[in-house]
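Visitor: Quick one, what's the 3D model for this:
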Amino acid sequence: MMGGFETKLRDPSFSFPIHMDALNKPGRGDASEQDSATLEAVVWKKFDSWVLPMCTVIYLLSFFDINNIGNARVAGMQTALEISNYQYTVALTLTLVPYIAMELPSNLILKRVGPDRLLPAMVTLWGIIAAMQGFVTDYTGLLLCRLFLGFAQGGIFPGIVLYLSSFYPRERLQIRITAFFASASLTGAFSGLLAAAITTMDGIGGKPGWAWIFILEGLFTFAFGILSFFLLPRSPETARFLSSEERCYVVSKLKSSKTMSDDHRKDAFSRREIWRAFCSPQVLLLSIIAFLNGAQLVGLAIFEPTIVAGLGYAGRQAQLMSVPPFALAFLASMISAFISDRYGCRGLTVIFFSIWCMIGFSVFYATTSQHAQYASLFFSVAGAYAVAPAVITWLANNSAPHIRQASGIAFGFITSSSGGILATWLLGSLSPGPNYTAATITFIIMSIGVVVFSSLNLFYLLRENRAKAETRLSAAKHDEPEHLGDRSAWFVYTL
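Guide: Presented below is the predicted three-dimensional model:
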C-alpha cells in the first residue's frame, strides 16, 4: 500500500483478495494463530455465501425494474401510450427526483430500523409498483408509477453499500461492492435477452409485449422481497449461520480495520456527523466524481438499447445487440475490483477506466461509421460501470464513524442520481439521436473531469496519510480527542 506501510500476509485459501495495512492488523484475542487462520478462511466465505448473494440479487432486480422502461420503449410502449420524447424524459426525471430525496433519510434510519426489515420492505413495495406499470393505459398512469417507484427504490443502493460495509473490513470491500454492482451490467445484458423473449407474449391476456416486461419482472421482485425477510441477517453479531466464536472473530476484525466503532455510542445519530461528512474534502471530491460518473452510467443504462436501435438495428435484434457491451462491463468491473482490493489502488482504478470512457465517447463522436460507433460502446459502457463501484468503495472506505459514513455514502449517491437526471435530458430530448452530439461532447468532458478530480483526491489522501504518519511518531493514541473518526491519525485513508 502507498505511504510505506507494510503489506500483510495473504492466505491462498481465501475466496477474495486481501490487502491489510499494518495499522489494521487484527488482534489475536484468545485464539491461537492457527485458530485465527481457520476462522479467517471460513467467516468471509460464509458472508460471501449468504449476505453477498442476497445483496446482489436485490440490486440486480432494482436495476431491472428501474431501467427496463428502455426495453419497453423499444418494444413499443412509447407508441402505444402516444407520448413524445419530451414526455418520456419527464417520466424518467420524475423517477429520479424522489429517488434522490430518499437516499439520505433511508441511510440514516437503516441501522435503527434494521436492514433485515427495511431492505426487504423496499424490495417488496417496488416490486408491486413495477408490475403495475404493465397495466397503465395512458401517460398519467405511467407518471404515477414512476414517481412511486422512485420513492420505493431510492434508498436501496446506498443502503446495500452501508449494509455490506458493516460486514467486511475496508480492504475486502470493493470486490464485494463490485460483485453486486456488476449485476447491474449483467442486467443490461440480460434485460435485452429477457425483453426479447418476453415480447413474444404479445397479445396474451390482451396485453402487449412491452406490458409483460413490467408485469413479469415486477412479480419476480415482489416474490424475492417476501423471501428476503426470512434470509437477510441484521448484522454480523446476529448472523445465525455463524458460531459464537466466528461472531467474536468477525467483530474483532471489523473493529481492528476501523469498520466498526469500539464504542457503539459513537454510532448514535448526530447532526454534527452529517455536517462533518458534508465538509470532508474527500467526500466533496468523490461526490463530484459520482455526479460525473452517474450521468454517464444512468445515460448508458437507460438509453443504450435506444442508441443501439439508432445504429441500424430494430426490434428484437436491437434488444440482442445491446447485450455484448454490458457483458464486457461485467468482466471489466470484476477484474478491476480484484486488482483494486489486492493492491489498494481505488484512485488509479477510477482514472484508468475513466480513460476508457473518454476513448469510447470520443470514437462515437468522431466517426460516422455505425459499426465503429457500436464498437465504441464497449469502451464507454465498460468504463462507466467499472468506475462506479470503485468510487463508492473509495467513499465508504474513507468515512467514519457510522453516521458520517452513512451520510457520506448517501451524498455520493445523491450527486450520482442528480447526474442521472442530467443524462435523461441530454439523451432524452436535448441531444437528439442517432448521433447524440451534445450529449457525447458532454460525456467526454465529464470523463476528463473524473480523471482530474480523482487525481486531486488521490494526492489529498496521500498527503493526509503522510501527515498522520508523522503525528503517530510523536503522539500516543490515548492523547487524541474522541470522535475524530476518519480524522484520527490512526485511521489510514485508502488510496
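Visitor: Count residues in the vicinity of residue 253, would you?
Guide: 24 (other C-beta atoms under 10 Å). Where C-beta positions appear, they are placed from N, C-alpha and C, glycine not excepted.
Visitor: Next, count neighbours for residue 178.
Guide: Using other C-beta under 10 Å, residue 178 has 29 other residues around it.
Visitor: what's the answer for residue 417, then?
Guide: Residues lying near residue 417 (other C-beta under 10 Å) number 26.
Visitor: Could you double-check that it lies in contact with residue 294?
Guide: Yes: taking contacts as C-beta atoms under 8 Å, residue 417 lies within contact range of residue 294: 6.3 Å.
Visitor: Would you mind giving both backbone torsions of residue 436?
Guide: Backbone torsions for residue 436, taken as degrees, to the nearest 10, come to phi 50, psi 50.
Visitor: ditto for residue 432
Guide: Backbone torsions of residue 432, given as degrees, to the nearest 10, read phi -70, psi 150.
Visitor: Check which helices and strands the helix or strand of the chain with the lowest mean pLDDT is in contact with.
Guide: For the chain, counting by mean pLDDT, DSSP states H and E, helix 173-198 ranks last in confidence among helices and strands (a mean of 78). Here helix 173-198 touches helix 33-74, helix 156-165, helix 209-231, helix 281-309, helix 315-321, helix 323-343, helix 370-397, going by 3 or more C-beta pairs under 8 Å, 6 or more residues apart in numbering; DSSP states H and E.
Visitor: how about residue 241, secondary structure?
Guide: Using DSSP: H, G, I helix; E, B strand; the rest coil, the structure places residue 241 in coil.
Visitor: And it, how close does it get to residue 165?
Guide: From residue 241 across to residue 165, the span is 19 Å (C-beta to C-beta, to the nearest Å).
Visitor: And those two? Which one has more around it.
Guide: Using other C-beta under 10 Å, the more surrounded residue of residue 241 and residue 165 is residue 165, with 26 against 12.
Visitor: Now do that one against residue 254, distance only.
Guide: For residue 165, the distance to residue 254 equals 10 Å [C-beta to C-beta].
Visitor: What residues does the residue lying closest to residue 89 once chain neighbours are set aside make contact with?
Guide: Closest residue to residue 89 apart from its sequence neighbours, by C-beta to C-beta, 6 or more residues apart in numbering: residue 428 at 3.1 Å. For residue 428, the contacting residues are 85-86, 88-89, 92, 303, by C-beta atoms under 8 Å, 6 or more residues apart in numbering.
Visitor: Out of these, list just those in helices.
Guide: Per DSSP state H, helices hold the following members of the contacts of residue 428: 85-86, 88-89, 92, 303.
Visitor: which among those gets closest to residue 411?
Guide: Of all the ones in helices among the contacts of residue 428, residue 411 sits closest to residue 92, with 22.4 Å by C-beta to C-beta.
Visitor: my guess is the closest one meets residue 69, correct?
Guide: Yes: with contact defined as C-beta under 8 Å, residue 92 counts as touching residue 69 (7.3 Å).
Visitor: Overlap in contacts, those two.
Guide: Here residue 92 and residue 69 share the contacting residues 146, 302, scored by C-beta under 8 Å, 6+ apart.
Visitor: follow-up on the earlier one: pull the distance from the least confident helix or strand of the chain to the chain's centre.
Guide: Put simply, helix 173-198 sits 12 Å off its chain's centre (C-alpha atoms, centre = their mean, to the nearest Å).
Visitor: Then stretch 408-415?
Guide: Between the centre of stretch 408-415 and the centre of its host chain there is 11 Å, according to C-alpha atoms, centre = their mean.
Visitor: again with stretch 444-456
Guide: Using C-alpha atoms, centre = their mean, the offset of stretch 444-456 from its chain centre is 19 Å.
Visitor: Show residues contacting that stretch.
Guide: By C-beta under 8 Å, 6+ apart, the surrounding residues in contact with stretch 444-456 are 285, 288-289, 292-293, 295-296, 347, 350-351, 354-355, 357-358, 361-362, 365, 383, 387.
Visitor: Only whichever of those residues are buried, select them in PyMOL.
Guide: To isolate the buried subset of the contacts of stretch 444-456 in PyMOL, counting by 16 or more other C-beta atoms under 10 Å, use the following:
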select buried, resi 285+288+289+292+293+295+296+347+350+351+354+355+357+358+361+362+365+383+387
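Visitor: Hmm, residue 142 is touching residue 91, no?
Guide: Yes: using C-beta under 8 Å, residue 142 is in contact with residue 91, at 5.6 Å.
Visitor: can you list residues touching both of those two?
Guide: Taking C-beta under 8 Å, 6+ apart as the criterion, residue 142 and residue 91 both touch residue 83.
Visitor: Pull the contacting residues for the residue lying closest to residue 204 once chain neighbours are set aside.
Guide: Leaving aside its sequence neighbours, residue 204 sits nearest to residue 212 (C-beta to C-beta, 6+ apart; 7.1 Å). Residues near residue 212 by C-beta under 8 Å, 6+ apart: 134, 198-199, 201-202, 204.
Visitor: So which of these wins on neighbours?
Guide: Neighbour max across these (other C-beta under 10 Å) = residue 198, 24 neighbours.
Visitor: tally of neighbours for residue 299?
Guide: Counted with other C-beta under 10 Å, residues neighbouring residue 299 total 28.
Visitor: follow-up on the earlier one: quick one, which of the ones in helices among the contacts of residue 428 are buried?
Guide: When the ones in helices among the contacts of residue 428 are checked for burial by 16+ other C-beta under 10 Å, the buried set is 88-89, 92, 303.
Visitor: Make a markdown table from those and add distance to residue 233 and pLDDT to it.
Guide: Conversion of those to a markdown table gives the following (distance: C-beta to C-beta, whole Å; pLDDT from 0 to 100):
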| residue | distance to residue 233 | pLDDT |
| --- | --- | --- |
| 88 | 40 | 90 |
| 89 | 40 | 87 |
| 92 | 35 | 87 |
| 303 | 37 | 88 |
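Visitor: Cool, thanks, talk later.
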